[in-house]
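Student: Next come a sequence and a model predicted from it.
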Amino acid sequence: MLILVRPHVSLLDGPAVAAWLPRIGLVQAVFAVDPDYARHPVWSRLLKAYGWLTGGHTMLPLDATRPFAMRELLRILDQGRDVVIFPQGTGIGDSARPDAGGCGWLLEKTSRRVMEITLSHEARWPGIQRYDFLAICKK
């Protein structure tokens, strides 16, 4: 399943989603993570440990500016794995910013089920406001 999470305005969004996914039976998801965090000597270890503790989730360093990054996500989806992405990209702050271009390409190419999660940022820890399953429109 491809899991799209919006809006992405906090560094706590990923950990909040990772902790919530096992509640609906999703474990061992692959999270696309900004390479600056996924390869950082301290943050990398903390995020890996947190992912393991919250459902065996793993991270994939993903540079959204590289065209082959989305191909790697598609390959993982085709293997039957669940993938979590934040379509708005890595910059946080503006909840109304548009999705990065690669998200549309990935939606067009995948034949996997798609879930869209909407986050609420009213408290310090992001909450899941709602989640919906989207129809897949393959051309």
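Tutor: Arrived safely. Numbers count the residues shown, from 1 in each chain.
Student: now the strands for the protein?
Tutor: 2-6, 30-33, 58-61, 83-85, 114-120, 127-134 (DSSP state E).
Student: Include distance to G14 and mean pLDDT when you put these into TSV, please.
Tutor: For the C-beta atoms, the positions are set from N, CA and C on the backbone; glycine is no exception. Below are those laid out as TSV (distance: least, Cβ to Cβ, whole Å; pLDDT from 0 to 100):
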stretch	distance to G14	mean pLDDT
strand 2-6	8	95
strand 30-33	6	94
strand 58-61	9	93
strand 83-85	8	96
strand 114-120	10	95
strand 127-134	13	92
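Student: Redo those strands as CSV? Include distance to W20 and mean neighbour count.
Tutor: Listed next are the strands of the chain as CSV, based on distance: least, Cβ to Cβ, whole Å; neighbours: other Cβ atoms under 10 Å:
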stretch, distance to W20, mean neighbour count
strand 2-6, 10, 21
strand 30-33, 13, 23
strand 58-61, 17, 18
strand 83-85, 11, 24
strand 114-120, 8, 17
strand 127-134, 5, 12
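Student: quick one: low-confidence ranges for this protein?
Tutor: 64-65, 67, 91, 135-139 (pLDDT under 70).
Student: so where do the helices sit in it?
Tutor: 13-20, 35-38, 43-53, 67-78, 101-109 (DSSP state H).
Student: Alpha carbons of the first one, in CSV - could you do that?
Tutor: Think helix 13-20. C-alpha atoms of helix 13-20 as CSV (Å, rounded to 0.1, in the frame of the first residue of the first chain):
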residue,chain,number,x,y,z
ASP,A,13,4.9,13.8,11.8
GLY,A,14,6.9,10.7,10.8
PRO,A,15,7.2,9.3,14.4
ALA,A,16,3.5,10.0,15.0
VAL,A,17,2.5,8.0,11.9
ALA,A,18,4.9,5.2,12.7
ALA,A,19,3.4,4.8,16.1
TRP,A,20,-0.2,4.9,14.7
